[in-house]
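S.K.: sequence first, then the predicted structure, then my questions.
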Amino acid sequence: MQFNLAWLERWSGHYDAAMKLTEDAFSQMSPDRDPEGWSELLVIKSVCVYSLGELSLADEILGESLEVLGPAVHGKAGIEPLTVLANMCAYYNDYDKAQNKLRDAMAIADKLGRDFERAHILQTLSRAELRNGRAEAAVEAGQACLEQSLATRNAVNLPYAYEVLGAALVETGELKEARRCARMGLRAAQFSQDHRVACHLYYVLGLSYLEELRYDEARAELENGLLNAAGADYNHWTRNFYLKLSQTHEALAEHRTALNYLKAYVELQQKLVSEETERQSNDFRNRLEFRLANSKADYERELRTKTEALNLELRVANEALRDLNAQIEHNALHDALTGIGNRRMMARFFETVEATMEAGTKISAILIDLDRFKSINDQDGHSIGDLVIRTVALRLSALLQDGETLVRMGGDEFLILTADRTGLDDLTALAEEIIREVNLPMSFKGAQQKCVGASAGASVQEAGPLLEYELLRTADEAMYQAKKSGRNTYCLHSSVYRSITQDAS
């Protein structure tokens, strides 16, 4: 009874419950009297610990299963452990070994007419081919898996057949067909009440819409997947959905939501890394303590090797997390379209001035607003408008000196902040360079040459409590004066001349 219940819990994704039932079944069986049943229980246990993240332990248990079978590995009892072993080989990127094990399993299934097992073998083959980058072969195996599952009314494997085929179709660019497969798979998953495969299927739907840049639909499917993953305590897939939802909201210019999902991804990734490290450490310590009774020398040698490997993994994980945190910091301070600073970068500039510069230090700002940009957006569309904004950002960046800050204030408005060029001659030269560079023609593939102008206003203020407010206010006044003067020119605020007078006195 426990044996059958363990199988059902395993297929339902309830791995902790399956593990408990497996241990109960072991107490009522003997490997000598029933080696095939004992081996099958070990396969269940191996799949459960593999799904819970204990990969090395799963590998050991599976090896024990094959040893128990002996020559019987070439009969029907060998199909399942060979298939599971192939899946693990694919996970470790040993695709040749994975294919050999699947061929052995398929030969046994064909010889004995085991149609139910054929579907599971084909599912594993499709998944392995996709991991190996062979998308067309993955589609072929996925289609064969689906046909086999439908022909034999294999309700357990059917949602997985749709899932592997849908995932492969996304990689080959057949996105509409991939979505059809995923939706059929979701209906099949409802019948089998398999919430875990539903996560995979929603992921396929989300990826297919992302490939077509249909971000709102991608977001909806990924959110459904996240709900399934959270409901099933499927942390690895919860992490995957957080990352994809962050990318989706970034594409929708919903930067705050994107950042929140990215933070959730980092926190969960840190938790998973910590849990995996603790699990590996506990597992490793327990096994070493057992072996210590037989060979102290072996214990010490293996301890060093495993500890070094674990330390290396931890270093790699920490470096990845540092890179991820750096990316989060960069995204928070930079404009998504142009890569230059955003308003948070501007706030950071004024915080630095307040913290590091003496009161009375001169700071200058040049506020730039593009002329004729709206007509380009209206006539040529936002895609060309975005290219114009990027080009202007690149040209303005090339004019900066070390320590100067360029910010996109929003739309077609830019701001340059500097503590180095505050004199009349320097500001005049910089403003003239800005007007000249912005006015240069722009050429884009498939579009006519574009030209815009710029109206710029420059201001100088002394560092103090109201620096940000006064500097932006006066630069804005000067910029609007430039526009009133006929556009495509610059204007220096009176604060620039006042600053010269103060220096002279």
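M.R.: Structure received. Just so we're clear, the structure is a prediction, and the values are computed from it rather than from any experiment. Numbers count the residues shown, from 1 in each chain.
S.K.: quick one: the strands in the stretch 301-450 of the chain?
M.R.: 362-371, 405-410, 413-418 (DSSP state E, counting those that start in this stretch).
S.K.: run me through the strand neighbours of the longest one, direction for each.
M.R.: When pairs are called by DSSP bridges, strand 362-371 turns out to pair with strand 413-418 (antiparallel), strand 453-462 (antiparallel).
S.K.: looking at the ones you listed, which is nearest to residue 173?
M.R.: Distance to residue 173, taken as CB to CB, is lowest for strand 413-418 among those, at 38.5 Å. In this view, the C-beta of every residue, glycine as well, is placed from N, C-alpha and C.
S.K.: may I have the phi/psi pair for residue 232?
M.R.: Main-chain dihedrals, residue 232, degrees, to the nearest 10: phi -100, psi 10.
S.K.: residues making contact with stretch 115-127?
M.R.: Residues outside stretch 115-127 that contact it (CB atoms under 8 Å, 6 or more residues apart in numbering): 76, 79-80, 83, 86-87, 90, 99, 102, 105-106, 109-110, 138-139, 141-142, 144-145, 148-149, 151-152, 154, 157, 160-161, 164-165, 168.
S.K.: mind giving me the PyMOL select for the residues you listed, buried ones only?
M.R.: To isolate the buried ones among these in PyMOL, judged by 16 or more other CB atoms under 10 Å, type:
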select buried, resi 79+80+83+86+87+90+99+102+105+106+109+138+139+141+142+144+145+148+149+154+157+160+161+164+165+168
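S.K.: narrow the contacts of stretch 115-127 to those in strands?
M.R.: Of those, none are assigned to strands by DSSP state E.
S.K.: need the strands paired with strand 362-371 in CSV (columns: mean neighbour count and distance to residue 240).
M.R.: As requested, these are exported to CSV (neighbours: other CB atoms under 10 Å; distance: least, CB to CB, whole Å):
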stretch, mean neighbour count, distance to residue 240
strand 413-418, 23, 37
strand 453-462, 24, 44
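S.K.: can I get those strands in CSV with distance to residue 34?
M.R.: What follows is those, written out as CSV (distance: least, CB to CB, whole Å):
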stretch, distance to residue 34
strand 413-418, 77
strand 453-462, 84
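S.K.: a markdown table please, covering those strands and showing distance to residue 133 and mean pLDDT.
M.R.: As requested, these are exported to a markdown table (distance: least, CB to CB, whole Å; pLDDT from 0 to 100):
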| stretch | distance to residue 133 | mean pLDDT |
| --- | --- | --- |
| strand 413-418 | 43 | 96 |
| strand 453-462 | 48 | 95 |
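S.K.: so which of those comes closest to residue 439?
M.R.: Comparing the strands paired with strand 362-371 under CB to CB, the one sitting nearest is strand 453-462, at 5.8 Å.
S.K.: so how far is that closest one from its chain's centroid?
M.R.: Distance, stretch centre to chain centre, for strand 453-462: 41 Å (CA atoms, centre = their mean, to the nearest Å).
S.K.: following that strand, which helix or strand shows up next?
M.R.: helix 467-484 (DSSP states H and E).
S.K.: what angle do that next one and strand 453-462 make?
M.R.: 150 degrees (axes from the mean of the first three to the mean of the last three CA atoms, to 10 degrees).
S.K.: ok now helix 467-484, how far from the chain's centre?
M.R.: 41 Å.
S.K.: neighbouring contacts of that helix?
M.R.: Residues contacting helix 467-484 (CB under 8 Å, 6+ apart): 347, 350, 353-354, 363-369, 371, 415, 417, 455-459, 461, 489-493, 495.
S.K.: helix, strand, or coil at residue 30?
M.R.: In three-state terms, and counting by DSSP: H, G, I helix; E, B strand; the rest coil, residue 30 is coil.
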